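Novice: just to be clear, the model below is a prediction. Sequence and coordinates:
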Amino acid sequence: MIDKLPLDSPLWGELTACYSNLNAVDQLRAIVVSRELGEAWRALCDEVLHQGTVYQVSSAVLPHLVEIAPELSVVERRDLWIQVGFLVTAGADRFPSPPLPGLQDGLTAALGIAETQAVRDFLVDTEASPDESSYFALACLALAGHRVGQAIWEFLSPGEGYVRVRCPACDSEAEVDGFGDPLALPCAVPEVGPATGRSPASWRAVADAIGRLLHEGSLGPGWEDALEAAAWIAAHGVPAATARAAVWGLVSAMVATTSARAAPWARTLARLAGHVRCLDCGSVWVIADVMGDGAGAEPVDLVDEATAVAQTELFTVDTSARSRETQSGDRVSPTSVADAIAGFPIAPGRRLARVEVPAQVRWRTDIGAVRALGTVAGQPSIIVAGTDDVATVWDVRSGSRVGVPLPGPALSLASLPLPDHRTVIVTASDDGSLRWWDAATAEPLGTPTTNASPVLSLAAVFMAPNPIPRTVDWLRELRDNRTMLAVGDAGGAVTLWDPVTRTPVRTLLQRTGQPVACMTTVESSNVSRPDDLDLVAVCDGRIVEVWPTTAVHGQPSTMAPDLRKIAAIGHQRILGAAASPRRLGGRKPLLLADRNGTVSMWETFGIRLGDPLPPDPAHREVAGMVAWPDQDGDITVATASRTDRNLRLWHPLRAEVAFVALDDEPLCLLHSDGALVVGHDRGLTVVSVG
């Protein structure tokens, strides 16, 4: 029998609570009598925990809840133990000024029982989502008395992709991003520390479950040492002195034991054993150590432990011997992408499965150097190829030319629908001329117009209706289901044009002297409104600007991917931007491709997603990028190498890369109707990509 405050004791009225101590005991009484959490549970939780603060009543209710836990359902027990984890890490394990002697001893005994019950319940709970399993595992560690349990308050969630950290040396704060399934162990296995005499049977059962996971190879090759370390920690009852990085390996392994679908998230959790470097003071820390307040963390000496570190606004990759200067004079962080991807070593971590595949050419034609490619709006099998002298329209399925050539240089092009149901093709030359064509008749729409500066990139921007009421007038007037043309030029401006009047409407951004070489549109982060778009423009090959069509003020976003983040993962000169054709992690990310071969994925609000694809010595001077969905829930990202005359096809979720040899030097790429269209120095080659 656990010593606890009786439910009929008048002393409940003397305890502190968030709102009402009497309401707290009434809700607890309802739970104890019914032997189920029910509606009373949320009301009780509101009384015992508020914004990280606990009260005397918080400690008083715990022994009662522990006592009835075996009679609750599996789902209720999971909810109970996670909430107990929050309470314990907030300080409810210490009864402040108990009104009766022995209540603290009773609370301590109850929490000892809770640890055993929670760990056993974790092992039999096969219905929890990977996210819920993570919190459940952390609650078990909190009850075991390990400080990793404190991370339940500052935890990485699958839909976020980042964790909050604080530098203990200078108190700087940041968000570490780039988390994703690493497929292989992303960092060295931390030391587990000394053994202790504590070895509860419940934790030994966890060690056995991890052992079975090790035998089955459920996490894939390369995880054996990490799983063995996790099993050792569990078998010894999670010694309090065990390093946080090592215990995160145990959290990862525990999550992996719950179900096969949890493996990707379990592998992701292992990233928390990686390192971060503070830009303010230069100190390096284990990520797991500096989540939350960083109490007790010790800095890492990278001279003795050569490893890469994760990148954020505050924390950056730093593995090379020197910095480099950007063209504008801004200093960016030192980086060595060959040794550092997503903040962790490539070897022995992330390994790319690499194969060579033959080109399956559908058709080819010699029409001169093709410098721009695009599809005709609403007709995915009809493509437009632009050269120095003319634009031609083709059926990608048959290889036959459609209509007559559109005369004039077409160094960039776009296609967009008009309100009268016609489709316009816009071609641009480097003297600033814009030519407008009826896609059905190949007849010019008016005379050529002239942009203020040479045009480098074009993008169609759909303006969804129903703007927020406080939207500025000029933007509200445009949001009526029309499609506008964004024009990026050599002077650093992005201007919105009306394709009906063929006149400029508004300059969206201006970075003088920083050419806008590529643009794309990406679904905004509001998944309930997929028609809302973010226009992404890359200026000077390194600065990413995002203009949301939903912005009430009509100004560029202040949360676009940061220059230092871009540089720290290896980008030097971005030449391509594209939207993912499939949702990854809930949204369609932005893809960025660099001339040096680096490809990365981002949220348009600045969070990096997963591992970038590093450069390859067999794939240099990249000239274009496209992406399309594959049949296995992944996407394929293709880049073309001008120097090596090949295509590199990347499956980011599977970490697979394939190379396809080409006969000509590619200049641009397009995916159309299941085919990969390569514009090269002699014309067009259409390749099957099944």
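Specialist: The structure has been received and is ready for your questions.
Novice: what's the burial count for the closest residue to residue 93 other than its chain neighbours?
Specialist: Nearest residue to residue 93, sequence neighbours excluded (Cβ to Cβ, 6 or more residues apart in numbering): residue 111, at 5.8 Å. From N, CA and C alone the C-beta is placed, and that goes for glycine too. Residue 111 sits with 23 neighbouring residues when counted by other Cβ atoms under 10 Å.
Novice: any idea which element residue 111 lies in?
Specialist: helix 103-124 (DSSP states H and E).
Novice: which elements pack onto the helix or strand where residue 30 lies?
Specialist: Assessed by DSSP H and E, residue 30 sits inside helix 21-34. When contacts are defined as 3 or more Cβ pairs under 8 Å, 6 or more residues apart in numbering; DSSP states H and E, helix 21-34 sits against helix 40-48, helix 56-68.
Novice: centre of the chain to it, how far?
Specialist: Centroid separation between helix 21-34 and its chain, computed with Cα atoms, centre = their mean, to the nearest Å, is 42 Å.
Novice: next: stretch 595-605.
Specialist: From the chain centre to the centre of stretch 595-605 is a distance of 11 Å (Cα atoms, centre = their mean).
Novice: send the alpha carbons of that stretch over as PDB?
Specialist: Listed next in PDB are the C-alpha coordinates belonging to stretch 595-605 (Å, rounded to 0.1, in the frame of the first residue of the first chain):
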ATOM      1  CA  ARG A 595      26.400  24.100 -60.300                       C
ATOM      2  CA  ASN A 596      28.800  22.000 -58.200                       C
ATOM      3  CA  GLY A 597      26.200  19.200 -57.900                       C
ATOM      4  CA  THR A 598      24.800  19.900 -54.400                       C
ATOM      5  CA  VAL A 599      21.100  19.400 -54.200                       C
ATOM      6  CA  SER A 600      19.100  20.300 -51.000                       C
ATOM      7  CA  MET A 601      15.500  20.300 -49.800                       C
ATOM      8  CA  TRP A 602      13.900  23.200 -47.800                       C
ATOM      9  CA  GLU A 603      10.700  24.500 -46.400                       C
ATOM     10  CA  THR A 604      10.200  28.000 -47.900                       C
ATOM     11  CA  PHE A 605      10.100  29.300 -44.300                       C
END
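Novice: so how far is residue 42 from residue 448?
Specialist: Distance, residue 448 to residue 42, by Cβ to Cβ, to the nearest Å: 66 Å.
Novice: now swap in residue 441 and tell me
Specialist: 65 Å.
Novice: out of the helices and strands packed on helix 21-34, which one sits most buried?
Specialist: Each of these was scored by mean neighbour count; the highest is helix 56-68, a mean of 24, by mean count of other Cβ atoms under 10 Å.
Novice: give the other helices and strands that the next helix or strand after that one contacts.
Specialist: Later in the chain than helix 56-68, the nearest helix or strand by DSSP H and E is helix 74-87. In terms of contacts (3+ Cβ pairs under 8 Å, 6+ apart), helix 74-87 is packed against helix 40-48, strand 49-50, helix 56-68, helix 103-124, helix 130-144.
Novice: quick check: angle from the third one to helix 74-87?
Specialist: It refers to helix 56-68. Angle of helix 56-68 versus helix 74-87, following axes from the mean of the first three to the mean of the last three Cα atoms, to 10 degrees, is 150 degrees.
Novice: residue contacts, the spatially most central residue of the chain?
Specialist: The centroid of the chain falls nearest to residue 609 when counting by Cα atoms, centre = their mean (2.7 Å). Neighbour list for residue 609: 161, 177-178, 180, 584-585, 589, 601-603 [criterion: Cβ atoms under 8 Å, 6 or more residues apart in numbering].
Novice: 7 Å - rerun?
Specialist: For residue 609, the contacting residues are 161, 180, 584-585, 589, 601-603, by Cβ atoms under 7 Å, 6 or more residues apart in numbering.
Novice: now do residue 54
Specialist: When contacts are counted by Cβ under 7 Å, 6+ apart, residue 54 touches 48, 87, 90-92.
Novice: which one of those residues is nearest residue 393?
Specialist: Using Cβ to Cβ, residue 90 is the member of the contacts of residue 54 that lies nearest residue 393, at 65.8 Å.
Novice: the spatially closest residue to residue 117 that is not a sequence neighbour and residue 79, how far apart?
Specialist: Leaving aside its sequence neighbours, residue 117 sits nearest to residue 69 (Cβ to Cβ, 6+ apart; 5.6 Å). Distance, residue 69 to residue 79, by Cβ to Cβ: 11 Å.
Novice: same thing with residue 85?
Specialist: Residue 85 sits 11 Å away from residue 79, going by Cβ to Cβ.
Novice: those two - which one has more neighbours?
Specialist: Neighbours per residue, other Cβ under 10 Å: of residue 85 and residue 79, the larger number sits with residue 85, 25 against 18.
Novice: my guess is the more buried one contacts residue 139. True?
Specialist: Yes - using Cβ atoms under 7 Å, residue 85 makes contact with residue 139 at a distance of 2.7 Å.
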